[in-house]
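Trainee: Here you go, sequence then predicted model.
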Amino acid sequence: SQTIHQWPATLVQPVGSPLSLECTVEGTSNPNLYWYRQAAGRGLQLLFYSVGIGQISSEVPQNLSASRPQDRQFILSSKKLLLSDSGFYLCAWGTGENTEAFFGQGTRLTVV
Amino acid sequence: DQQVKQNSPSLSVQEGRISILNCDYTNSMFDYFLWYKKYPAEGPTFLISISSIKDKNEDGRFTVFLNKSAKHLSLHIVPSQPGDSAVYFCAASATNFNKFYFGSGTKLNVKP
């Protein structure tokens, strides 16, 4: 069966510090991978998605970047965090073809 | 530009009664729609989906209705149970989009 791992679960970082959130998927090959963010009291905003290794599409201009160094690994990064980067970050995977996406447990990031 | 909208941020229903959650979309290319349930500090879990070739899909207590001409879908939960209390997100996708757009969520409270 397929599983998705996302870590850490919570993170408190100072403004200006770097960020690296990692997500890995097991039990499937060549998944579509997604990073979403849920800001406080708001919906899920798509940040990045990837349909293959090294292929990253950005949905909104922002202070973050994403990379996919391996087929089932998706990394969300920032060189210098801003206060506005605080939120609940969710990684997800899917197979496309009009099927559902499956989410990880999320990372609560607080930038102080 | 919010392509998927959930205009009711919250809904309160008595246990045993019907819960109706609504969702509207603007992009006529969307042809696949999903509902997710989310508890605090957890990732969303998939509930039910519907393709645009159908106008209804049922799974146990959950039924999703799609009205393409109105660009509207709804989730019916019958009978509602206290364990259904959560935030519900609707999402939409399209063939070859490789991504999902989410609404802002509706917080459902089912009172015992």
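Mentor: Happy to help now that I have it.
Trainee: A:P8 reaches A:G106, doesn't it?
Mentor: No - between A:P8 and A:G106 there is no contact under C-beta atoms under 8 Å: 10.4 Å. C-beta here means a position set from N, CA and C on the backbone, and glycine is covered the same way.
Trainee: more crowded one of those two?
Mentor: Ranked by neighbour count (other C-beta atoms under 10 Å in any protein chain shown), A:P8 and A:G106 place A:G106 first, with 23 against 10.
Trainee: For the more buried one, report the pLDDT, please.
Mentor: Note on A:G106: pLDDT of 94.
Trainee: Identify each of the strands in chain B and give its residue range.
Mentor: Ranges of strands in chain B, per DSSP state E, are B:4-5, B:10-14, B:19-25, B:32-38, B:45-51, B:56-59, B:62-67, B:72-77, B:86-93, B:101-102, B:106-111.
Trainee: and if you look at chain A?
Mentor: A:3-7, A:10-13, A:19-26, A:32-38, A:44-52, A:55-58, A:65-70, A:73-78, A:87-94, A:101-103, A:107-111.
Trainee: in the second one, what's buried?
Mentor: I take that to be strand A:10-13. Using 16 or more other C-beta atoms under 10 Å in any protein chain shown as the test for burial, strand A:10-13 gives A:L11, A:Q13.
Trainee: same thing with the shortest one?
Mentor: For strand A:101-103, the neighbour count (16+ other C-beta under 10 Å) marks A:A101, A:F102, A:F103 as buried.
Trainee: That one pairs with which strands, parallel or anti?
Mentor: Strand A:101-103 pairs in its sheet with strand A:87-94 (antiparallel), by DSSP bridges.
Trainee: Can you show me the CA trace of the strand it pairs with as PDB?
Mentor: The C-alpha trace of strand A:87-94 is given here as PDB (Å, rounded to 0.1, in the frame of the first residue of the first chain):
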ATOM      1  CA  GLY A  87       1.200  28.200   8.200                       C
ATOM      2  CA  PHE A  88       0.300  24.500   7.900                       C
ATOM      3  CA  TYR A  89       2.200  22.900   5.100                       C
ATOM      4  CA  LEU A  90       0.900  19.800   3.400                       C
ATOM      5  CA  CYS A  91       2.500  17.400   1.000                       C
ATOM      6  CA  ALA A  92       0.300  15.300  -1.200                       C
ATOM      7  CA  TRP A  93       0.600  12.700  -4.000                       C
ATOM      8  CA  GLY A  94      -1.600  11.600  -6.700                       C
END
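Trainee: what residues does chain B put near chain A?
Mentor: B:6, B:31-32, B:34, B:36, B:41-46, B:49, B:51, B:89, B:91, B:93, B:95, B:98-105 (C-beta under 8 Å from any C-beta of the partner chain).
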